[in-house]
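**Student:** Got a sequence here, can you build the structure:
(2 chains)
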There are 2 protein chains.
Amino acid sequence: MSRTLWKRFSSTITTRPGPPKAHHHAPLPDSSFPKGYLATGVHCGIKKNAQVLDLGIILSTRPASAAACFTRNAFQAAPVVVSQEVLQKNGGKARAIVVNSGCANAVTGKQGLDDAWAMVKTTDTLLDPQPDAGRNETLVMSTGVIGQTLPISKIIEGIKSQASKLGTGFAAWERAARAFMTTDTFPKLRSRVFTIKGREYRMAGIDKGAGMIHPDMGPPSGTGQLHATLLGCIVTDAAVSPRSLQNALAYAVDRSFNSISVDGDMSTNDTIIVLANGAAVEGTKAEEIDEERHPDAYEAFKQELTSFAIDLAKLVVRDGEGATKFVTVTVEGAPTYSDAHKIASRISTSALVKTALYGEDANWGRILAATGSVPLSSPLDPKRVSVSFIPSDGSASLPVLVNGEPEKVDEVRAKQILSAEDFEMRVQLGLGSESAQYYTCDLSYEYVRINGDYRS
Amino acid sequence: MSRTLWKRFSSTITTRPGPPKAHHHAPLPDSSFPKGYLATGVHCGIKKNAQVLDLGIILSTRPASAAACFTRNAFQAAPVVVSQEVLQKNGGKARAIVVNSGCANAVTGKQGLDDAWAMVKTTDTLLDPQPDAGRNETLVMSTGVIGQTLPISKIIEGIKSQASKLGTGFAAWERAARAFMTTDTFPKLRSRVFTIKGREYRMAGIDKGAGMIHPDMGPPSGTGQLHATLLGCIVTDAAVSPRSLQNALAYAVDRSFNSISVDGDMSTNDTIIVLANGAAVEGTKAEEIDEERHPDAYEAFKQELTSFAIDLAKLVVRDGEGATKFVTVTVEGAPTYSDAHKIASRISTSALVKTALYGEDANWGRILAATGSVPLSSPLDPKRVSVSFIPSDGSASLPVLVNGEPEKVDEVRAKQILSAEDFEMRVQLGLGSESAQYYTCDLSYEYVRINGDYRS
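**Tutor:** Below you'll find the predicted structure:
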């Protein structure tokens, strides 16, 4: 159909905008940031607008344990290949993270690998002006357009220029967080102070998202992937052994970044990096936390890291493209965690469920259909399945299906719950004791506009 | 946010309507319909509008082989449970199909099963006024709202009243096809004449779709499912053994109805039924086609059934909710058919790919990201992957990625191809010789409106 003909037939739709999101970013106390790290962000020229930051650096002033999870997508962007290699060669140690936004350095062949290595090696010189040729201590991340090579000389200049700008505290970290942003509407930065066995530690984290958000990340391995949209880093001044840091991260990522969905599309540069430099216990006789030698401390650290990662992951959903709702999907009573996770993922990606969320419609039939479409380790018994909507204000929940029988739903009450920005949908399978949570948003006109509007 | 506040912030979007679709339904020659079948459709009162048909019957005037595929969703609507039982008890024989639209008879407990049996038994009396109590020959399908029980007395009256209205030829079949419709914008009816080993046969088929379309159907088994949106039937006057009819149908369904996606949501009543009554060879000594005794004839029949099922399945995608595009996704060079099918399915359900189709944007990065997110039987090699867009007018195709290297894309040419209603996206994996095709549509504002608009 010609454009003219479309215009003749076209109609207008009134969209409902999402809630304002700027309040999800606010100053944090300088004292809540981990010791022994410097951070900054600059505009180096990848993005056209000189006011917009596009290159960030975070570095540890002392050696640190490092761990990472990378997307399982088969197309692997150059920075993912290179970061995995650095991590493997260096035995789970690293001191710096360099990130650029505006260009993903994906599907860029040999040139892309050379460019990613150039970013690593240039950042290494900030740690030591004369680094070992064979030893690299920087991990690299890129996000943005794919199929284009990096303006590498601008980036190298940008990295060199940052040496004098690195700083501590909120202002420095906020610059780093802004350098991660692409279509994000606010910088995503969090910090916290926590205690394990009476000792105080700190943690800071940055991430970015918006679209192509349905990560599935695992520890470094043969399988990699290609086009970045979920990037994140968490650094702490706790001392943790590289092996235990990797295991804690894998656990945390599964329950946080691997449990969010904006549009169900897995990106190809998804990367989460963690550094633990032990600066909080510098000069003391405290040993590195290790799961075999200190199982209690390890468990406490793992839970702290997981809860922090969930906070960061939720920010990505809240800022999802076109999102007007933030919905927690809880699946309980599953035979295994994997079963619960699979159903929660399926509900969270269902176009019919997500458009009903946008329409503020308590459409339990769509939730049930999504639930039933997932093959499980033991068969579902429809007569044991219950579904309810849980409001975010602490008031009574609304059961819509109880043991397979539809409830008579109070539509006014349903509307009341679903018109809030935040609420929860809970599915009880009645098959076991495992549960999982997913975080998702609605599918709005605005999502279609952002991703489907004519480029012309 | 309150409704008032939304209004203050709301903006308007100009939607592009889909192409008109009525021309996909046109009269068919009476002589192309299979011998030995009667069909009709009536308004029995499930739907409010008395002009809209909601009850259809198709019956064979002689015994017929029967086969069916049902959705693998774990929630099983009453008609699915009952049809499976009839088919099993009756050793792969059946003579009638009864269908209602407007109410899916799903999540309706014991009452729902009683109602579905009542539809079967009442239709059985059209075949034989005094049927065997223990022998049922009718298969039943329902589609529409879930969680509500059928107005069964109206339906029983409706079935009884049809005895006098059953007829042959296009007019009768068209009434039956209209009785299948819910949000479909045109009745979906096809017929064809075909020849096997010099003998002429006929085939007719009806289906319905619109939303909740991403079927995954298998032969009758322990796992069933719940809320109908893809329903179809194909009847032929060829003679085929029940076993071979079931095997041919499973093959055909995998390549047709299980290879389409409107919104990626699997429904719970999805059912495809096939009858083969042998009326074309009545009075001759022709044997039933069977894969062991007549492998060549069986193969010819299987291919005929598959190509006919693909025609019917495509109609569902073309009439998908909000669809403005009909896109064939071809994945070639896969190590196995299952690998090719999985990737084609993933591309066909990607929200980012589907919004790009609506935006007429040749966004190969999104196709690649979707391709790479599927775990395969042997690992993808990005350097062997090629992607191209194939226009529907026979003109030259447009390669956008060749052996992992991005091509310089002529945007004017890309726009030309993607502005057509029909085109193909082809992904070559370079790993093997297996291929699969999927049929999908775009994700438009109209889809969000249909499924997300406030019910108030």
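**Student:** Domain map for chain A?
**Tutor:** Here the domain parsing of chain A from automatic domain parsing is A:22-318, A:326-452.
**Student:** Could I get those in TSV, plus columns for distance to residue B:309, mean neighbour count and mean pLDDT?
**Tutor:** Just so you know, the C-beta spots here come from the backbone N, C-alpha and C atoms, and that holds for glycine as well. Compiled in TSV, the domains of chain A are given as follows (distance: least, Cβ to Cβ, whole Å; neighbours: other Cβ atoms under 10 Å in any protein chain shown; pLDDT from 0 to 100):
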stretch	distance to residue B:309	mean neighbour count	mean pLDDT
domain A:22-318	28	21	90
domain A:326-452	21	20	92
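**Student:** quick one, which of those domains is nearest to residue B:357?
**Tutor:** domain A:326-452 (7.8 Å; Cβ to Cβ).
**Student:** which stretches of the stretch 1-150 of chain A form helices?
**Tutor:** Assigned by DSSP state H, counting those that start in this stretch, the helices in the stretch 1-150 of chain A fall at A:3-9, A:78-89, A:109-127.
**Student:** Hmm, residue A:51 is touching residue A:42, no?
**Tutor:** No - contact criterion Cβ atoms under 8 Å: residue A:51 and residue A:42 do not qualify, at 11.7 Å.
**Student:** Leaving out the residues flanking it, which one is nearest to residue A:419?
**Tutor:** In this structure, residue A:419 finds its nearest non-sequential neighbour in residue A:360, 5.3 Å apart by Cβ to Cβ, 6 or more residues apart in numbering or on different chains.
**Student:** Also residue A:427?
**Tutor:** Using Cβ to Cβ, 6+ apart, the closest residue to residue A:427 is residue A:331 (4.9 Å).
**Student:** Partner strands of the host helix or strand of that neighbour and their direction?
**Tutor:** Using DSSP states H and E, the element containing residue A:331 is strand A:326-334. Strand A:326-334 pairs in its sheet with strand A:422-428 (parallel), strand A:434-440 (antiparallel), by DSSP bridges.
**Student:** hmm, who's touching it?
**Tutor:** Residues from elsewhere that reach strand A:326-334 (Cβ atoms under 8 Å, 6 or more residues apart in numbering or on different chains): A:314, A:317-318, A:340-341, A:343-344, A:347-348, A:357, A:371, A:376, A:384, A:421-442.
**Student:** In TSV: the helices of the stretch 1-150 of chain A, plus distance to chain B.
**Tutor:** Shown next, in TSV, are the helices of the stretch 1-150 of chain A (distance: least, Cβ to the nearest Cβ, whole Å):
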stretch	distance to chain B
helix A:3-9	4
helix A:78-89	11
helix A:109-127	7
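**Student:** Quote the end-to-end distance of stretch A:134-152.
**Tutor:** Start-to-end span of stretch A:134-152 (Cα to Cα, to the nearest Å) is 21 Å.
**Student:** Next: stretch A:100-110.
**Tutor:** Note: stretch A:100-110 ends 19 Å apart using Cα to Cα.
**Student:** Please apply the same query to stretch A:369-382.
**Tutor:** End-to-end for stretch A:369-382, by Cα to Cα: 11 Å.
**Student:** so how far is that stretch from its chain's centroid?
**Tutor:** 28 Å (Cα atoms, centre = their mean, to the nearest Å).
**Student:** From chain B, how far out is the nearest residue to residue A:433 once chain neighbours are set aside?
**Tutor:** Leaving aside its sequence neighbours, residue A:433 sits nearest to residue A:333 (Cβ to Cβ, 6+ apart; 7.0 Å). Counting by Cβ to the nearest Cβ, to the nearest Å, the gap from residue A:333 to chain B is 14 Å.
**Student:** go on, residue A:339?
**Tutor:** For residue A:339 relative to chain B (Cβ to the nearest Cβ), the value is 11 Å.
**Student:** Need the contact partners of the one helix or strand that residue maps to.
**Tutor:** Using DSSP H and E, residue A:339 sits within helix A:337-349. Here helix A:337-349 makes contact (Cβ under 8 Å, 6+ apart) with A:214, A:254, A:259-261, A:263-264, A:327, A:329-332, A:334, A:353, A:367, A:370-371, A:373-374, A:376-377, A:425, A:427, A:429, A:431-432, A:434-440, B:264.
**Student:** CA atoms of that helix as CSV?
**Tutor:** The C-alpha trace of helix A:337-349 is given here as CSV (Å, rounded to 0.1, in the frame of the first residue of the first chain):
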residue,chain,number,x,y,z
TYR,A,337,13.5,-23.6,40.5
SER,A,338,14.1,-24.0,36.8
ASP,A,339,10.4,-24.8,36.2
ALA,A,340,9.3,-21.8,38.2
HIS,A,341,11.8,-19.6,36.3
LYS,A,342,10.7,-20.8,32.9
ILE,A,343,7.0,-20.1,33.6
ALA,A,344,7.8,-16.7,35.1
SER,A,345,9.8,-15.9,32.0
ARG,A,346,7.0,-17.0,29.7
ILE,A,347,4.4,-14.9,31.4
SER,A,348,6.8,-12.0,31.4
THR,A,349,7.3,-12.1,27.7
